[in-house]
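1. got a predicted model here, sequence first, then my questions.
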Amino acid sequence: MLEGIMLLWFLLTALSVLYVAIDIWSTPASVVLKWGFILLTAYTGPLGAFLYVLGCREPLPGLHERYTAVRWRQVLGSTMHCVAGDGVGILAGAAIASVMHLGGLLDIALEYVLGFGFGWTIFQALFMRGEVGGSYKAALRKTFFPELLSMNVLMAGMVPTMVLAMKYVHGAHDPTGPAFWFVMSMSLLVGFVAAYPMNWWLVSRHLKHGMMTVRPSTSHENHEAHEGVDAMRGAASDAVAQAVHAETGQVSRRTLAGMTLLSLLLFGTGLGVVAYLGGFS
């Protein structure tokens with residue numbers, strides 16, 4: 001029965017990735033978010049495609065700014081960005097650990113290091129350096145703690161699912177077999193759900209970005225015709241964004257330290273659940 005479920009899952013995932021990969025290029029979002037949604041759909045199958053349609057795809061021309069300004073969609077973009085980037089390193093770490101027959105905490109440590117490293121240095125700092133004036137060093141500094149908090153909670157949900165599933169699903173330790181990728185997909189899906197509340201807090205405090213609208217520049221000939229429309233669109237977008245974030249304030253070092261400790265406790269709780277259920281044996 002499990003083989004049939006996996007076959008159906010991979011079929012739906014392939015169709016979902018194909019749809020998102022084709023459709024998303026007409027959506028006025030940043031390139032990194034486009035690739036992020038493609039990766040998320042590869043991890044989470046039809047759920048990723050559903051989230052793209054419901055949370056990012058422009059419903060009508062010219063409405064993307066206002067459509068994605070709603071808080072939950074902003075948080076969706078933030079969480080998707082985290083899982084997409086971290087997921088590349090996590091999957092690479094899991095595959096390497098399986099080939100090298102690393103188990104238990106060594107497997108998890110490798111996945112954490114590669115996941116955090118890729119997510120922080122590439123998907124966050126490198127791709128988002130334009131948000132801090134183009135400085136990669138400044139981007140690394142600015143994105144470290146948001147990435148750390150999000151990664152810890154992602155792993156808190158993902159690790160128990162992955163370790164316990166691999167213990168009981170036949171063939172789940174072999175990266176050349178379908179069971180391995182099915183288990184990793186389910187684990188990242190659970191990690192996405194677990195990371196969403198933390199990303200809500202990060203977005204609401206302006207520590208992480210959400211959805212971003214990027215439209216191609218109009219030509220010189222069409223500039224005057226589009227100028228008024230762009231001005232009204234920008235004003236509407238700014239008004240919505242201000243309403244969404246009006247209640248946010250500055251985050252103190254003490255608050256950030258407390259949230260960092262909370263994320264580590266959640267990650268530790270996930271490891272404790274695995275140990276209690278015999279996942280490391």
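-> Now that the structure is in, tell me what you want to look at. Numbering: from 1, shown residues only.
2. only C-alpha atoms for contact and neighbour calcs from this point on.
-> OK.
3. roughly how far apart are residue 11 and residue 33?
-> 24 Å (CA to CA, to the nearest Å).
4. can you pick out the residue with more neighbours from the two?
-> residue 33 (23 against 13; other CA atoms under 10 Å).
5. for stretch 154-166, which residues meet the burial criterion?
-> Residues of stretch 154-166 classed as buried: 154-166 (neighbour count, 16 or more other CA atoms under 10 Å).
6. ignore what I typed, I meant stretch 107-122.
-> 107-112, 114-122.
7. confirm that residue 173 sits in a strand.
-> No. Counting by DSSP: H, G, I helix; E, B strand; the rest coil, residue 173 is not found in a strand; it is coil.
8. now it, what are its backbone angles?
-> Backbone torsions for residue 173, taken as degrees, to the nearest 10, come to phi -90, psi 0.
9. for it, what are its contacts?
-> With contact set as CA atoms under 8 Å, 6 or more residues apart in numbering, residue 173 has these partners: 98, 166, 179-180.
10. export those to a markdown table and tack on secondary structure, distance to residue 264 and pLDDT?
-> Below are these laid out as a markdown table (DSSP: H, G, I helix; E, B strand; the rest coil; distance: CA to CA, whole Å; pLDDT from 0 to 100):
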| residue | secondary structure | distance to residue 264 | pLDDT |
| --- | --- | --- | --- |
| 98 | helix | 25 | 92 |
| 166 | helix | 24 | 90 |
| 179 | helix | 29 | 95 |
| 180 | helix | 27 | 95 |
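11. what subset of the residues you listed is buried?
-> Buried, going by 16+ other CA under 10 Å: 98, 166, 179-180, out of the contacts of residue 173.
12. how many neighbouring residues does residue 170 have?
-> As a burial measure, residue 170 scores 12 neighbours (other CA under 10 Å).
13. where's it relative to residue 182, distance?
-> 12 Å.
14. with residue 77 instead?
-> Distance, residue 77 to residue 182, using CA to CA: 24 Å.
15. ok, residue 46 next?
-> Note on residue 46: its distance to residue 182, by CA to CA, is 13 Å.
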